[in-house]
Structure formats: C-alpha cells, structure tokens
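Trainee: Provided below are the primary sequence and the corresponding predicted coordinates.
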Amino acid sequence: SVRGGLVMTGCNTRHKFSTPFRDRFHMIQDCDANSLYPSTMATLLWITEGKPSILKGQFSTKEFKERFTHPWAGEDVSEEKLYNDGVIHLTELRCHKESHIPRLCIKNPKTKLNEWRNWNSKVDTWVNAKDVWDLIDYQDAEILWDKALVYTGKRCFEIRKCMRELYEFRKPNKKLGVGNVAKLMMNSSYGKATLKPKDEEILIVDGTKMDDFYSSNGYRIKSIEPMQGKEDPNILEIMKKYMVKVYKKDTGAVFNMFGSDVLAGSKCLMRRPISLIEKVAEKYGEFPHIFYTDTDSIHVLGYIVDEAAKKFEKKYGYPMIGNEVGQFHSDFDAPSSFKPGENAIGSYYSIFNAKKVYVDCLIGDQGSEGPHMRMKGVPNSSIVLQDYEDLYDGKKIEKNLLSFGKISLEIKNGHIKSRKQMKRSLQIRTPEFHPATPEEPPSAQPLEWQEWMDGDTQLLELSDDELTPTQKRERGDDEIDIETDDDEEPVLKIAKIDN
C-alpha cells in the first residue's frame, strides 16, 4: 500500500504545446504545492493508536463507506467511524468517471512498472484507505474487497502541531542554514516509515580471508562473485576480492502505516486542484489542460489556473494560491541564461514525451529566455532541444553520458580504468494525444501570481464530495524503451492555443 508520487503525462500520452503570447495567462504554469509532505502532515494526517487487526470476508463500496473514517474528517470524535486507518485488499475496481490524471497506480507484473490508469477491471492489490476514499469521491469508483488490516484506536493529532511549528519556523529562516535543517526535518520525518525489510546484505571479502569467512558463514551465503582477477587465473590470491551476498534477518521495527498515510494523503491534497482544473477544462473540449504532473507539481495553462483558483476558494474556504501549508505557487526553476533574481513568467513552448522526459522553454520577467530540460538518466550537458523533437516524432536518439568532461570508472583485470564513452539509446513509445479543437480562452484579465500570494488562510477539515468529468479516451503505456528497434513513425499532432 506504499505508493510514491504520481508522475505521468496527461492521459498517458505525449504532448507538444506552443503559443505566440508571452503572458502568464496563455502560457503553461508549474503549479507547485508548498512543501507537499509537511503540508499533508499538517492538514489531514493523524496517527491511530493501538495494534491493527485483520478483517476478512466479502465486502463492497457500501461497507467501506460505513466503516472507514474519511481522510478529511475533523478532529471531533463524532466524525470518526469504526476504522480510523487501514489498508484494503481490492479484488475489483470500477471507475465510472475517468480522469486525465487517474488516482491509482497498480504495478504491471510483466513490466514491473506502475501504471496510472482509470481502472475498470478485476485487480489484486493492497490500497490505503485514503486512496480508496479519493477513488470514490473523485472517480465515482465501486470496489470489491476481501480483507483488510485495520486500526480502531484513538486518533492522535500531535503530528499536525509539530509540522505547523516547523513550517512557521522555517519561513523567516529560508535563506539561513537553520532553515534548511528545518526543511530536511519536515521532509524526512516520514522516510523511515516507508522502508522495506532488508533480507540480504552485500559484503566485500579479501581473497586471503575467503576460506575463514566461508567456514563461519556458509549457512547464510546467497552468492559469491569475484570482483578482481576473475579474468586472470594467475593473479595472486592476495589481490583478489569477492562480492558476497548473504541472507540477513531484518529485526528493525518501523511504523509502515504512517509512511503509507503520508504518501496517500499527499495525493488527497493534490487531488483538490487537479479535480477542479479538470472540471474547468471541460468547457474547452478534450484539450489536456493538465499536461504533466510530478508528485507535487502540475503543468497547466494560466487561464485554467485562474478559474480553478476561484472555484477552489469558494469550495474549500481558503485561497488556493499562497505561501501557507496546503496552498500552491508557481515554481519554475530559472535557467542559467536568466539574469540574477529574474523569475520565470511561464513556458511558451513545451514538449512532454514521457515521465521525467520533458522540456519547458521559459521566458523571464526581465525578457530573458531559456529551456528547463529534464531527461531521466541523461545529464543536461548532453541534451539539446532537438532531442525532444526527435523523441516526440518517434525517433531513436543516442547520447554519450560522458560528454563535456564527465568521468566514469570501471574495474578490469584488477585495475581501475576510466571509460572513454558510455552511450545510452532512448526511444519513446508513449502514444500521441489527439485533441479536440479547444475553445478560445476567456478574455478576462488573469489573476497575477503576485496577488495570489496575499490573503489569510483558513483550513477546513472536511470537504464535500467532488466528481471529475467523464472523458472517453483510449489509454496507453507511458514508458521509455532503451535499445529498441521499433521503426513505427507516429503522426505529429501539435496542440496550439491561438487567440
């Protein structure tokens, strides 16, 4: 039930966007959550006391809604139900309302990749109760489940107070070292609770000590692999080293339920703006106004953010944009070509090919321009804008990871050498997006980002149900193929907003 951040392109398809305008209203904005995990712990998290129990049987959506406390429930005991925390084993999941950014991922047993989809089938997966509530609230999901690990104890809210105090302490000290310490404390406070049990460890054993090591540890050795001298049988034993994997019993104890709650709760927090953005975007056709999302950020058009922000405040009672916990702000990283202190207004040209493979061509408030590039596994020094164009067109590209002075070492025949080159080939199989013709964006003046930073904040504990628009669409995989020979050329489609 421990699922990491939601990372995907809108509709699991690749996108290309361009606009002739150079204002926030018409360009793509990176709507970023303020300290997502600390915000989650400060606004909607609690820790349930006591030991868990196991529940078995045949249950449906009705039994789940009757028994499990809603993630946005207030601190009053009257809002509690039988189970305050838990993980549920789903056997069937039917999402009656589709989303461009689906709420749940399930690992594909063949590819071992997490697939974010609008599920409408039988499944076999464990899901946090907060995830299930979001599926019901936003995607009108129906579920069947046969067992659960549940907590019935008292809810403890001290984590909220702790995170708020750290957050308030950091705000005036952001530029100081102590501010970074506070940030690390907030962001790492749940990390230990998401660790998996460690069933093996790797040891490096000298050749001269191998016999003694084997005689005392033979019962727990998993594998032995020579590190030095494996290609030269005449090398002296004193120079040999072995990499030995041994079985290890992990006797540590971590509160995995807490880690699962933080990760699931963070998606509950992100679902609020995502659902409203999709609702606003309905009137502009099927154009994917959420182009890309990566855990705590959303790439979305400025005028869509404007409208969604107004609906957000009306629905939840506090401003969507601001610098408090639970709020959002624009957060493009300024390219090196920007002047000192210059902030990015938005992206006038973007290509989103796949997870972690995208480029934003940014313009600053002082007129500078420059790209913000991301290609997982490839250093920025090896990338040019044309690479994203080629990947979008279905072409294979090859990059030398050691270009521009990068160094990589290897051990060969007992000697350490520097590699001359390290090449990686990439090709994108993400299907293309076929947009409907979007309506013209509204002509009203956009709400300036500077104005969005003003206003008091009042956080609500419980929200009304909210539903996403139904979008009928074929979904596809989102993955990068390395060293693939697929020659199929996709048709180029450009999603362009004109005034």
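Mentor: Now that the structure is in, tell me what you want to look at. Numbering: from 1, shown residues only.
Trainee: when you work out contacts or count neighbours from here on, use the C-alpha atoms and nothing else.
Mentor: Will do.
Trainee: mean confidence score for stretch 202-215?
Mentor: Per-region confidence: stretch 202-215 scores 85 on mean pLDDT.
Trainee: count of neighbours near Glu165?
Mentor: 12 (other CA atoms under 10 Å).
Trainee: ok, it to Lys248 distance?
Mentor: 40 Å (CA to CA, to the nearest Å).
Trainee: ends of stretch 78-97, what's the gap?
Mentor: By CA to CA, the extent of stretch 78-97 from end to end equals 31 Å.
Trainee: stretch 283-293 now?
Mentor: End-to-end for stretch 283-293, by CA to CA: 21 Å.
Trainee: so where is the chain shaky, pLDDT-wise?
Mentor: The model of the chain has pLDDT under 70 over residues 1, 228-239, 285-288, 404-405, 411-415, 433-499.
Trainee: distance check, Val246 against Gly252.
Mentor: Counting by CA to CA - Val246 and Gly252 are separated by 17 Å.
Trainee: of the two, who's got more company?
Mentor: Using other CA under 10 Å as the criterion, Val246 and Gly252 rank with Val246 on top: 18 against 7.
Trainee: the more buried one contacts Ser223, doesn't it?
Mentor: Yes - judged on CA atoms under 8 Å, Val246 makes contact with Ser223 at a distance of 7.1 Å.
Trainee: in which helix or strand would I find Tyr138?
Mentor: Using DSSP states H and E, Tyr138 maps to helix 129-139.
Trainee: make sure Asp261 is indeed in a helix.
Mentor: Yes - read with DSSP: H, G, I helix; E, B strand; the rest coil, Asp261 is one of the residues of a helix.
Trainee: right, and it touches Lys130 too?
Mentor: Yes - the pair Asp261 / Lys130 is scored as a contact, 7.3 Å apart, by CA under 8 Å.
Trainee: burial count for Thr430?
Mentor: 26.
Trainee: I should have written Val254 there, sorry.
Mentor: Using other CA under 10 Å: Val254 sits among 14 other residues.
Trainee: which non-adjacent residue is nearest it?
Mentor: In space, and not counting its chain neighbours, Val254 is closest to Ala193: 5.3 Å by CA to CA, 6 or more residues apart in numbering.
Trainee: likewise for Tyr392?
Mentor: Using CA to CA, 6+ apart, the nearest residue to Tyr392 is Asn353, at 5.9 Å.
Trainee: so who does the one you found touch?
Mentor: Thr9, Thr13, Arg14, His15, Tyr388, Leu391, Tyr392, Ile428, Thr430 (CA atoms under 8 Å, 6 or more residues apart in numbering).
Trainee: helix or strand: which one has the last one?
Mentor: When elements are assigned from DSSP H and E, Thr430 belongs to no helix and no strand.
Trainee: does it touch His15 like I think?
Mentor: No - if you go by CA under 8 Å, Thr430 and His15 don't touch, sitting 9.8 Å apart.
Trainee: helices along the chain, start to end?
Mentor: Counting by DSSP state H, one finds helices in the chain at the ranges 36-43, 61-67, 129-139, 158-170, 177-188, 210-217, 256-281, 302-316, 385-392, 449-452.
Trainee: so what's the gap between the first one and the chain middle?
Mentor: Here helix 36-43 shows a centroid-to-chain-centroid distance of 15 Å under the convention CA atoms, centre = their mean, to the nearest Å.
Trainee: now swap in the fifth one and tell me
Mentor: Relative to the chain's own centre, helix 177-188 is displaced by 21 Å; criterion: CA atoms, centre = their mean.
Trainee: who touches that helix?
Mentor: Against helix 177-188 from outside (CA under 8 Å, 6+ apart): Ser35, Tyr37, Pro38, Met163, Leu166, Tyr167, Phe169, Arg170, Lys171, Asn173, Lys174.
Trainee: check the first one too.
Mentor: Applying CA under 8 Å, 6+ apart, the external contacts of helix 36-43 come out as 159-164, 167, 186-187, 262-263, 265-266, 269, 296, 325-326, 459, 461.
Trainee: and it with helix 177-188, angle?
Mentor: 80 degrees (axes from the mean of the first three to the mean of the last three CA atoms, to 10 degrees).
Trainee: now the end-to-end length of stretch 186-203.
Mentor: Termini of stretch 186-203 sit 33 Å apart (CA to CA).
Trainee: ok now stretch 67-83, how far from the chain's centre?
Mentor: 27 Å.
Trainee: what sits up against that stretch?
Mentor: 44-45, 66, 84-85, 129-130, 133, 150-153, 157, 265, 461-463.
Trainee: buried ones in that stretch?
Mentor: Within stretch 67-83, the residues that count as buried by 16 or more other CA atoms under 10 Å are Phe68, Thr69, His70, Pro71, Trp72, Ala73, Gly74, Glu80, Lys81, Tyr83.
Trainee: CA-only coordinates of stretch 304-320 in CSV, if you can.
Mentor: The C-alpha coordinates for stretch 304-320 follow below in CSV (Å, rounded to 0.1, in the frame of the first residue of the first chain):
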residue,chain,number,x,y,z
ILE,A,304,-7.2,27.4,-16.3
VAL,A,305,-5.4,28.0,-13.0
ASP,A,306,-7.2,31.4,-12.7
GLU,A,307,-10.6,29.8,-12.9
ALA,A,308,-9.7,26.8,-10.8
ALA,A,309,-8.3,29.1,-8.0
LYS,A,310,-11.7,31.0,-7.8
LYS,A,311,-13.6,27.7,-7.6
PHE,A,312,-11.1,26.3,-5.0
GLU,A,313,-11.6,29.2,-2.6
LYS,A,314,-15.4,29.0,-2.9
LYS,A,315,-15.4,25.3,-2.4
TYR,A,316,-12.8,24.8,0.4
GLY,A,317,-12.9,28.2,2.1
TYR,A,318,-9.3,29.3,1.7
PRO,A,319,-7.2,30.6,-1.2
MET,A,320,-5.6,28.0,-3.5
